[in-house]
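**Q** sequence unavailable; structure follows:
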DNA sequence: TGGAATCATCCTACTAGTAGGTAGATTGAT
DNA sequence: ATCAATCTACCTACTAGTAGGATGATTCCA
């Protein structure tokens, strides 16, 4: 793996656990075992490094949602999305979404980095809206508001669940909250026939 | 107002907008128009100041929920709780809950401050659990899991909605998400009779 | 094929500025 | 006379970022 990628990986982990204002080039330098000046060679400013982290995460998610959308049913897609985070949080490999962490710090971020964060949220909620719309058309989901509203609400619950899991120091909290959120989308008659 | 209270108010505002790692004694000193050393006289360490902020907010919320619980119906109580934040976010006076902000930074916080944050979440979810239980007994709410689970999910959605509103830079996002969350708690037959 | 120039990478050494925090003097009310 | 509140002046540690040199691989060209 290239030094550049090691730097991004280290920065990602540090942002997830400590936030943008909570880590320094010195932290990255120690994790990757290079000098601070070497980081500046690859990423002149701290915001460049953080932006690279966000844009790479963004690209991965975009690719994965594209792959998922052709091959799986709407409810499976949602379940795979939440399941991904469930595993990340449970094994502590990624205890928080990078964009979620940065969103809480948004007012303090350099403009270019803030833009990258906003794009993540825009694309994620767009994808959720599409999945929910499709699921509703197929009769798999029962929406109570517009697909747009339900998508925002679902996304909010996922990020709120991450926050709660962190506050309680318990990954199970995330799983429980998200499970109840998924359950609410399933039509009540389908739920009853499953229970029977 | 005492200098001490001015310091707490300033710190609260700074934590809400910039987070614990995003503000310094120099920021507070400028807002309150005193020297840094004067802040250290009242709050020897930064974590002491932040803890005072959290504990004061905690006390206010505890008192308000106690007042509410005797005088209002469960659905009114929830509406007043979310309405409080709706107004805070809309007029930008308090664009984020202090404890929510600090929870995202939890791994970087001094132990005593982290404990204070955890207590806020514990008490808030306990209150929500009581309100939801009462509402369910009165037939005003239709819970799909245990009251405990529903309380955690509701809380997660409120905090996720704050995050989303910040990401989009639009207070209306918070209002929309929370409205859909409240709607979901109302039994479907009550909803139908309202629509009719 | 044998340099010679180029370039990316990484380094040591440094800067100016800011962080949280301390020592000790001054003020003013009780 | 005491004591809380505030101040000036300072400290050490750390921040992001820079200047410029060493290394080593690639490319250009005679």
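**A** On my side now, so go ahead. The structure displayed is predicted, hence computed values, not measured ones.
**Q** could you use CA atoms for every contact and neighbour count after this?
**A** OK.
**Q** would you mind listing what in chain A touches DNA strand C?
**A** A:3, A:4, A:33, A:34, A:35, A:36, A:37, A:38, A:41, A:42 (CA under 7 Å from any atom of the strand).
**Q** one more time with 6 Å, if that's ok
**A** Residues of chain A that fall close to DNA strand C, judged by CA under 6 Å from any atom of the strand: A:3, A:34, A:35, A:37, A:38, A:41.
**Q** the fifth one and residue A:29: what is the separation?
**A** Distance of residue A:38 to residue A:29, computed by CA to CA, to the nearest Å: 8 Å.
**Q** neighbour count: those two, which is higher?
**A** Between residue A:38 and residue A:29, counted using other CA atoms under 10 Å in any protein chain shown, the more crowded position is residue A:29 (18 against 15).
**Q** my read is that the more buried one contacts residue A:23, right?
**A** No: Residue A:29 sits out of contact with residue A:23 when judged by CA atoms under 8 Å, with a separation of 10.9 Å.
**Q** centroid-nearest residue for chain A?
**A** Residue closest to the average C-alpha location in chain A (CA atoms, centre = their mean): residue A:97, at 4.0 Å.
**Q** tell me the contacts of that residue?
**A** Residues in contact with residue A:97 (CA atoms under 8 Å, 6 or more residues apart in numbering or on different chains) are A:16, A:159.
**Q** same question, residue A:184
**A** Contacts of residue A:184 (CA under 8 Å, 6+ apart): residue B:144.
**Q** now do residue A:134
**A** Neighbouring residues of residue A:134 by CA under 8 Å, 6+ apart: residue A:74.
**Q** measure it to residue A:77 for me?
**A** Separation of residue A:134 from residue A:77 (CA to CA) stands at 11 Å.
**Q** now residue A:169
**A** Distance, residue A:169 to residue A:77, by CA to CA: 27 Å.
**Q** ok, now residue A:67?
**A** Residue A:67 is 10 Å from residue A:77, by CA to CA.
**Q** check residue A:166 too.
**A** 25 Å.
**Q** in terms of packing, which of those two has more residues around it?
**A** Counted by other CA under 10 Å, residue A:166 and residue A:77 do not tie: residue A:166 has more neighbours, with 23 against 19.
**Q** the more buried one: which element?
**A** For residue A:166, the host element (DSSP states H and E) is helix A:147-168.
**Q** what is the rounded mean pLDDT of that helix?
**A** Confidence over helix A:147-168 (mean pLDDT, whole number) is 98.
**Q** that helix vs helix B:147-168, what angle?
**A** Interaxial angle of helix A:147-168 relative to helix B:147-168 (axes from the mean of the first three to the mean of the last three CA atoms, to 10 degrees): 110 degrees.
**Q** shaky segments in chain A?
**A** Within chain A, the segments meeting pLDDT under 70 span A:189-196.
**Q** now the helices for it?
**A** All helices of chain A, identified by DSSP state H, fall at A:3-18, A:25-32, A:36-42, A:46-71, A:74-90, A:98-104, A:111-137, A:147-168, A:171-185, A:188-195.
**Q** near chain B at all, the fifth one?
**A** No: taking CA under 8 Å from any CA of the partner chain as the criterion, helix A:74-90 and chain B are apart, separated by no less than 13.8 Å.
**Q** angle of that helix against helix A:46-71?
**A** 140 degrees.
**Q** run the chain-centre distance for helix A:74-90.
**A** 10 Å (CA atoms, centre = their mean, to the nearest Å).
**Q** where does chain A come near DNA strand D, residue by residue?
**A** Looking at DNA strand D, the residues of chain A close enough under CA under 6 Å from any atom of the strand are A:23, A:24, A:25, A:26, A:37, A:40, A:44, A:45, A:46.
**Q** mind listing what the spatially closest residue to the third one that is not a sequence neighbour touches?
**A** Yep, that's residue A:25 we're talking about. Residue nearest to residue A:25 in three dimensions, not counting chain neighbours: residue A:36, with 6.0 Å by CA to CA, 6 or more residues apart in numbering or on different chains. Neighbouring residues of residue A:36 by CA under 8 Å, 6+ apart: A:25, A:26, A:28, A:29.
**Q** swap the cut-off to 10 Å and go again
**A** By CA atoms under 10 Å, 6 or more residues apart in numbering or on different chains, the contact list for residue A:36 reads A:24, A:25, A:26, A:27, A:28, A:29, A:30.
**Q** swap in residue A:25?
**A** Counting by CA under 10 Å, 6+ apart, residue A:25 has contacts A:7, A:11, A:31, A:35, A:36, A:37, A:38, A:39, A:40, A:45, A:46, A:49.
**Q** top of the residues you listed by neighbour count?
**A** Within those, most neighbours by other CA under 10 Å means residue A:11, with 28 neighbours.
**Q** ok, that one - contacts?
**A** Residue A:11 touches A:5, A:17-20, A:23-25, A:27-29, A:31-32, A:46, A:49-50, A:52-53, counting by CA under 10 Å, 6+ apart.
**Q** cool, residue A:10 as well?
**A** Taking CA under 10 Å, 6+ apart, we find residue A:10 in contact with A:4, A:16, A:27, A:28, A:29, A:30, A:31, A:32, A:53.
**Q** near chain B, from these?
**A** Subset of the contacts of residue A:10 in contact with chain B: residue A:16, counting by CA under 10 Å from any CA of the partner chain.
**Q** just the closest of the contacts of residue A:10 to residue A:180, please.
**A** Residue A:180 lies nearest to residue A:16 out of these, by CA to CA, at 24.9 Å.
**Q** check whether residue A:27 really touches residue A:20, as I assumed.
**A** No: counting by CA atoms under 10 Å, residue A:27 stays clear of residue A:20, with 11.9 Å between them.
**Q** mutual contacts of the two, please.
**A** Both residue A:27 and residue A:20 are contacted by A:11, A:14, under the criterion CA under 10 Å, 6+ apart.
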